[in-house]
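*Asks:* sequence? don't have it. structure:
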């Protein structure tokens, strides 16, 4: 007897429906075709044990299973439940007339428990597009998949629940959640707040500018200056995610199995990989590509602590994604594109010993040692970082001050107001904030008067800045003007923006 059941394969951050055809005929043998990987091939043993421990069995006949489309590689253990239900229906061990109206996915334990899978959200989106009556999946993934409105999502814990459901002995209740309400309630960020930071008012100002325009920023200072503390608080002043941003971000995290019971992500992601990370883990890749850290931080913050400690080749692979805001991973037979629109926040010590040009420090480094240390970071990468700022140690008087600083909520209000101005300005441009401007947008929206132009010319000549740095200064100046509510870029805006490029390689010792 021939039976068709349906599963799904995730390719990039999109899903493709997989038709599983199970044919049982006279003879002996178990044949699984359709380009399955080893995890799918091994499912035979998990399925046999799970069925036997629940009162069923794999029939001793010739079983042929085809997973179509046959030229698309099927990987992972998520097809266990799909294959087992197909075998039970094809061998007439269960009555399942409506089995082809549901999309079924799940990994099986040997006792029949249904274990969580990866990519539940993109699969659910595809199931809705394909018109399936419902989506049966592990209970742990049900909240994630129920984000998709209009699709009945049934979370199950054991295979016998699925069997009883199709035979009419059990009524499964679809999980329903109010996405809008839950999304709004979980947007408050309370773990880290800028009011906890003592002193460092200039760095807070830089963080506010970076958040308002979506600019990349690097903090250079000795150990204990508060660089990591400030970086961790940056998400608390970023504008709240829109529902569309939340869905896109959740899809990426779903593909790598990082959502599960969380459901819709309403907080902007903050990723802080260790400096021993490989280039494939940072930008994505592998034999069967997976999103890297730059994609997992999409719509959020990527924090690289101790930037010179990262391997140079690892950092260099970020240059193109930082410009294009997406990364394409090409293989011989296919290519996968992941979004990677993130804010880069980097921190580093000014020298190998951590201190430079500080007469009170116990460890000093020569200018040549410091240049060699900074030489680990390429000029093109530094050019792509809009704001360079020096973090100095906080004096005792400020550390011991009991007064609380400005809260993240107050700073966020100014950031949101500036972002709203940018959204209105770029309505017809297909971009959302100043850091996304290209050369054409800069010429249109960053016009300078004579005095401001001369000021910028002098800075370019003295600091030996590149053409890309010129554009970065104009972008930052545009953001500062937006925070001030000014339509045009004034001289003080240019002056402040130039100040945030003073740590370029050529100007650091100046």
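*Replies:* Alright, I've got the coordinates. In this text the structure is predicted, and so the values were computed from the model without any measurement.
*Asks:* please make it C-alpha for all contacts and neighbour counts, starting now.
*Replies:* OK.
*Asks:* name the helix or strand for residue 388, please.
*Replies:* strand 387-390 (DSSP states H and E).
*Asks:* who does that strand pair with, and is each partner parallel or antiparallel?
*Replies:* In the sheet, strand 387-390 lines up against strand 217-220 (parallel) (DSSP bridges).
*Asks:* ok, then the element right after the helix or strand bottoming out on mean pLDDT in the chain?
*Replies:* The least trusted helix or strand in the chain, going by mean pLDDT, DSSP states H and E, turns out to be helix 396-399, with a mean of 68. Counting by DSSP H and E, the element after helix 396-399 in chain order, helix or strand, is helix 408-425.
*Asks:* and that following helix, what's buried?
*Replies:* Residues of helix 408-425 classed as buried: 408-409, 411-412, 414-423 (neighbour count, 16 or more other C-alpha atoms under 10 Å).
*Asks:* same question, stretch 372-384
*Replies:* Within stretch 372-384, the residues that count as buried by 16+ other C-alpha under 10 Å are 373, 374, 377, 382, 383, 384.
*Asks:* export the buried residues of helix 408-425 as CSV, with columns for pLDDT.
*Replies:* CSV is the format used below for these (pLDDT from 0 to 100):
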residue, pLDDT
408, 89
409, 90
411, 93
412, 93
414, 95
415, 95
416, 94
417, 95
418, 95
419, 94
420, 94
421, 93
422, 94
423, 91
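*Asks:* my guess is residue 192 is in a strand, correct?
*Replies:* No. Under DSSP: H, G, I helix; E, B strand; the rest coil, residue 192 sits outside any strand and is assigned coil.
*Asks:* now do the closest residue to it other than its chain neighbours against residue 408, distance only.
*Replies:* Nearest non-adjacent residue to residue 192, counting by C-alpha to C-alpha, 6 or more residues apart in numbering: residue 233, 5.4 Å away. Using C-alpha to C-alpha, to the nearest Å, we find residue 233 at a distance of 8 Å from residue 408.
*Asks:* identify the contacts common to these two.
*Replies:* Residues touching both residue 233 and residue 408 (C-alpha atoms under 8 Å, 6 or more residues apart in numbering): 193, 194.
*Asks:* who touches the spatially most central residue of the chain in this structure?
*Replies:* Nearest to the geometric centre of the chain sits residue 296, at 2.1 Å (C-alpha atoms, centre = their mean). Residues in contact with residue 296 (C-alpha under 8 Å, 6+ apart) are 249, 252, 253, 269, 271, 340.
*Asks:* and residue 495, by the same measure?
*Replies:* Contact analysis of residue 495 by C-alpha under 8 Å, 6+ apart lists residue 455.
*Asks:* how far off centre is the helix or strand hosting it?
*Replies:* In this assignment (DSSP H and E), residue 495 forms part of helix 491-499. Distance, stretch centre to chain centre, for helix 491-499: 32 Å (C-alpha atoms, centre = their mean, to the nearest Å).
*Asks:* in it, what counts as buried?
*Replies:* Residues 491, 493, 494, 495, 497, 498 are the ones in helix 491-499 that count as buried (16+ other C-alpha under 10 Å).
*Asks:* the fifth one against residue 476, yeah?
*Replies:* Yes. In this structure, residue 497 is within contact of residue 476 by C-alpha atoms under 8 Å, at 5.7 Å.
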